[in-house]
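Visitor: whatever this is, show me its structure:
(chains A and B)
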Amino acid sequence: MAAPLTLHPIIPPPSLQNPLSKTTNTSKSSPIKTHPSLLHLENCNSMSQLKQIHGHMIRTGLFSNVYAASRIVAFCALEDTGSLPYARIVFDQIPSPTKFIYNTIIRGYTNRDLPREAVLFYREVMEGGLSPDNFTFPSLFQACADLDEGKQLHCHVVKFGFASDVYVQNTLMNMYSNRGCLTSAKRVFDKMSERTVVSWATMIAAYTNWDRSSEALSLFHRMQFGNVRPNEVTLVNVLTACARARNLDMAKKIHEYMMENQMGFHLVVVTALVDAYCKTGCMFLARKLFDEMPERNLFSWNIMIKGYVEDSDYKEALVFFQEMQGNGVKPDKVTMTSLLLACSHLGAVELGKWLHAYINKENIEVDVALGTALVDMYAKCGCIESASRVFYEMPQRDVMSWTSMIGGLAMCGHAEKALELFSEMQSSGVKPDAVTFVGILAACSHAGLVDKGCSYFRSMSCVYNIEPTIEHYGCVVDLLGRAGQIERAEEFIKRMPMKPDYFVLGGLLGACRIHGNLEVAERAARKLLDLDPTNGGAYVLLSNIYGSVQKWDEVKRTRELMAERNIKKPPGCSLIEVDGIVHEFVMGDKSQPQSDEIYLMLEDLIHRLKVAGYVPNKSEVLIDMDEEEKENALCRHSEKLAISYGLISTCPGSTLRVVKNLRVCSDCHFAMKLISKVYNREIIVRDRNRFHHFKDGSCSCRDFW
DNA sequence: GGGTGCGCTA
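Guide: Down below sits the predicted model:
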C-alpha cells in the first residue's frame, strides 16, 4: 500500500547526505536493484566505465548504500575486465563492509590465481576485527599455501563454528588431499554427518591422486549403497580411477551406465572414458569412441595422441597429430610433449626440430615437462649438443630433466660429462632418483669405469636411500661383464636379493660373447632358458656365442631346439628418417616403393665394402642355410637396408641416423665403420643400448658394446 | 534485506 503523500520523508539533496549513513535515497517502491546506476553497472564492460559509475554513485550518495558498494566491488573483483587493486581501494572506502564484500574480494584473488593475496587479505580483514562466515572458507582453502596454513585455517573453521558446513568440509578434504595429507582428508570425510555427491566425488579423486585407485573404486560402490546418484563429475573421477588402476571392466560398466543415463554425450565424461580405454590398452575402443564424439576439445586430442605414444604406436600418434591440425585444433605444450616423445622413440630428429621450431613460432610455453621432452628428443636422436643447449636454457629443471641429460650423455659414450653433470645436479639441490642411477651406471658401463660404477651402486642405498631395483643390478652385471670380469658378474648375480630376469642374464651372456667365455655363457643360457623357454632372444644370444667360438654343432643344436619349440627370433627392425618421414625396414624388406633402387644400392655398397676389406661375419647367422645364403641374409639386415635407402635419398655428405630395436650385430657394426669411410658419411645408429657414431672408419663405442 | 562458496578429463 502506498504511503499517504503528506507523510513522505524529505530526502536531502545528494550533496547534503551523510556519506556514512546507511540509509538510502530510494523508497520501497523503487528497490535499489533497479537503481539506474546499478543497471548501468550490469552493462558495464570496462574499468573506465566502472570508474564513472563509481564516481557518480559517490556524488549521488548511492555509494553509501552497502549493497550498491558491494556491486562495485564484485565487478572489480570478479569480472574479467575488473581490477583487484581497485577493488581494494573501493573496499577501504566502505565504512562497514559486509562479509559478502570481503568474501567477494577473497574469491577474486583466488579466481585470478593470486593465492598469497587472498590469504593476506583475509588476515588483514580478521585483524581489523571482522569475522569470517561459511562462505569465506571455500575459496580460502583453494588459496592456502601449504598444510600448515591449511591447518590454521581449519582451526578458524572450528573456532567460528562452521565445521559442519558441507561446502566447508568438501573444500577442507580437497585441501588436505592436495597439500599432502590423505589421512586428514579421510578423517574429515568420515566425520561428515551428511555427504553430498560432491563429498563423494572429492574423496574418490583424493584416493585416485594418491595412487589408491582401488580404494577410490570401492568408495564409489559404497556411495551407490548410500543411494547417492552419481553425476557427470563423479563419473569423470571414477573413470580417472579406472584409468590409473588399469581397470577395463569397471570402465566398461561406467560406459554402459553412461549410455543408460543419457550421459553419453557429455564432453568431459566421454573424454575421461576415452582416456580410460587408452590407459587400459584398448586403443581400438578409444578411437571408436573418439570418432563418434559430437564435439571434442584439446584434452580429447591430447589424450588420443598420448594414448598412441604409450601404446608404442608412434607413427599413428604423428598421423593423428596431422588429423588434429586438419581439424583446425591448435596444439599446446601437452600435445608437443607427447609428440616429442614419439620422435625420441622413432629417432625422428627432423620432425623433432620442426616441432621445436613450431614451439618457438607459436610461443608455446616451454615448461619443465616440455623442456625435458626436447632434451630427451635431441639426446635420443644423437644430437647431444642441441640437447645440452636446450637443457641449459631451461629456467627450471627437475630430476627428470637432469636424468634425461645424464642418460643422453651416457648413451653417446660421454661418461665423464655425465658424471660431471651428476655432481652439478646435486650442487643445484636436485636429488637423484632411481632412474638417474640407471643413467649413471650406464655411463660407467660404456666407459669401462668399473670401480666408479660399483661405488655409485653402493652409494644408492647407503647415501641416497634408494633401493636398487633389478634394472640397477642389470647395469652392474653389464658393467662388470663388459670389462671382462665375467666371474665377478656371475657371482654378483648369485648374491642378488631377487631372481635375475632376462635382461640381467642377457647382459651376462652378451659379455660372454664379447670375451668368449663359453663356460659361464652356457650356465647363464641354461638359467635364461629355464626362466623363459619361449624367449627367442635367449636362443639367439646363446647361438651367437657358440658361433663366436666356432662351435658350429652347438649353433646347429640351439637352432634345432628353437625350431622344435617353434620359437621365432625377435625380428630386427630399423628406422630411418628422410625429409621428416620415418621409414621402417625389417630384414629382407621389399615393401618399399623404391625397393628396386634400394637393392641396387645395397649390391653396389657390398661390392665397394668388399674392395675396402669387408668380409661378412657369418658367425651370428642363425638360420640353417649354406654359406652363400648366409651372406645374403647378412647383407639384407634391416640396418643395411635402411642405410642403403638413406644413401640414395639424401645429399652426399649428410649424416645418416638409424634407430634399431635390437643391439646392432657385429657384422653390421663392422660394415657401418667401412661405409662411413667409403661413402664419407657420418652414421649415427641408436641400438637398444647406446649410440654408435660412425665416422671415418671407426665407431664412438670403440667396438665395445 | 539483497547477492556469494565445493568436486572434473591430457
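
Visitor: can you find the helix or strand of chain A with the lowest average pLDDT?
Guide: None of the helices or strands of chain A scores lower by mean pLDDT, DSSP states H and E than helix A:627-635, at a mean of 78.

Visitor: buried set for the helix or strand that it is followed by?
Guide: Under the assignment DSSP states H and E, the closest C-terminal helix or strand after helix A:627-635 is helix A:638-649. The neighbour-count check on helix A:638-649 (16 or more other C-beta atoms under 10 Å) flags A:638-647, A:649 as buried. C-beta coordinates here come from the backbone N, C-alpha and C atoms, glycine included.

Visitor: stretch A:581-590 too?
Guide: Neighbour-count burial for stretch A:581-590 [16+ other C-beta under 10 Å]: A:582-585, A:587, A:589.

Visitor: will you turn these into CSV that also has secondary structure, pLDDT and distance to DNA strand B?
Guide: Below are the buried residues of stretch A:581-590 laid out as CSV (DSSP: H, G, I helix; E, B strand; the rest coil; pLDDT from 0 to 100; distance: C-beta to the nearest atom of the strand, whole Å):
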residue, secondary structure, pLDDT, distance to DNA strand B
A:Val582, strand, 90, 23
A:His583, strand, 91, 29
A:Glu584, strand, 90, 26
A:Phe585, strand, 92, 32
A:Met587, coil, 86, 36
A:Asp589, coil, 83, 34
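
Visitor: before we move on, the earlier item: would you mark the buried spots in the least confident helix or strand of chain A?
Guide: A:630-631, A:633-635.

Visitor: now for that helix, which elements pack on it?
Guide: Helix A:627-635 is packed against no helix or strand, with contacts defined by 3 or more C-beta pairs under 8 Å, 6 or more residues apart in numbering; DSSP states H and E.

Visitor: got the CA coordinates for that helix in CSV?
Guide: Output in CSV follows, covering the C-alpha atoms of helix A:627-635 (Å, rounded to 0.1, in the frame of the first residue of the first chain):
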residue,chain,number,x,y,z
GLU,A,627,77.3,-70.1,-46.8
GLU,A,628,76.2,-68.1,-49.8
GLU,A,629,72.7,-67.8,-48.4
LYS,A,630,74.1,-66.7,-45.0
GLU,A,631,76.0,-64.0,-46.7
ASN,A,632,72.8,-62.9,-48.5
ALA,A,633,70.9,-62.9,-45.2
LEU,A,634,73.6,-60.7,-43.6
CYS,A,635,73.5,-58.3,-46.4
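
Visitor: at the contact with DNA strand B, which residues of the stretch 101-250 of chain A appear?
Guide: A:101, A:103-104, A:107, A:133-135, A:137-139, A:142, A:162, A:165-168, A:170-171, A:174, A:196-199, A:201-202, A:205, A:231-234, A:236-237, A:240, A:243 (C-beta under 7 Å from any atom of the strand).

Visitor: secondary structure class for A:His692?
Guide: Following DSSP: H, G, I helix; E, B strand; the rest coil, the label given to A:His692 is strand.

Visitor: my read: it touches A:Ala671, true?
Guide: No. Using C-beta atoms under 8 Å, A:His692 is not in contact with A:Ala671, being 11.7 Å away.

Visitor: quick one on the thing from earlier: out of the residues of the stretch 101-250 of chain A next to DNA strand B, which sit inside helices?
Guide: Among these, DSSP state H puts A:101, A:103-104, A:107, A:137-139, A:142, A:166-168, A:170-171, A:174, A:197-199, A:201-202, A:205, A:232-234, A:236-237, A:240, A:243 in helices.

Visitor: buried residues, stretch A:510-525. List them.
Guide: A:510-515, A:517-518, A:520-522, A:524-525.

Visitor: what's the end-to-end length of it?
Guide: 11 Å (C-alpha to C-alpha, to the nearest Å).

Visitor: need the contact list for A:Ile466.
Guide: Residues near A:Ile466 by C-beta atoms under 8 Å, 6 or more residues apart in numbering: A:432-434, A:437, A:460.

Visitor: wait, which of the residues you listed is closest to DNA strand B?
Guide: Closest approach to DNA strand B among those (C-beta to the nearest atom of the strand): A:Asp433, at 21.0 Å.

Visitor: that closest one: neighbour count?
Guide: The number of residues packed around A:Asp433, counting by other C-beta atoms under 10 Å, is 14.

Visitor: which phi and psi does it have?
Guide: Phi and psi for A:Asp433, reported as degrees, to the nearest 10, are phi -120, psi -170.

Visitor: for it, give me its contacts.
Guide: A:399, A:403, A:466.

Visitor: just the residues you listed: which are in helices?
Guide: Taking DSSP H, the ones among these that sit in helices are A:399, A:403.

Visitor: tell me the pLDDT of A:Gly536.
Guide: A:Gly536 carries a pLDDT value of 83.

Visitor: how about the one 5 residues further on?
Guide: Model confidence at A:Leu541, expressed as pLDDT, equals 79.

Visitor: and what of A:His40?
Guide: 87.

Visitor: so it makes contact with A:Ile53?
Guide: Yes. Using C-beta under 8 Å, A:His40 is in contact with A:Ile53, at 5.3 Å.
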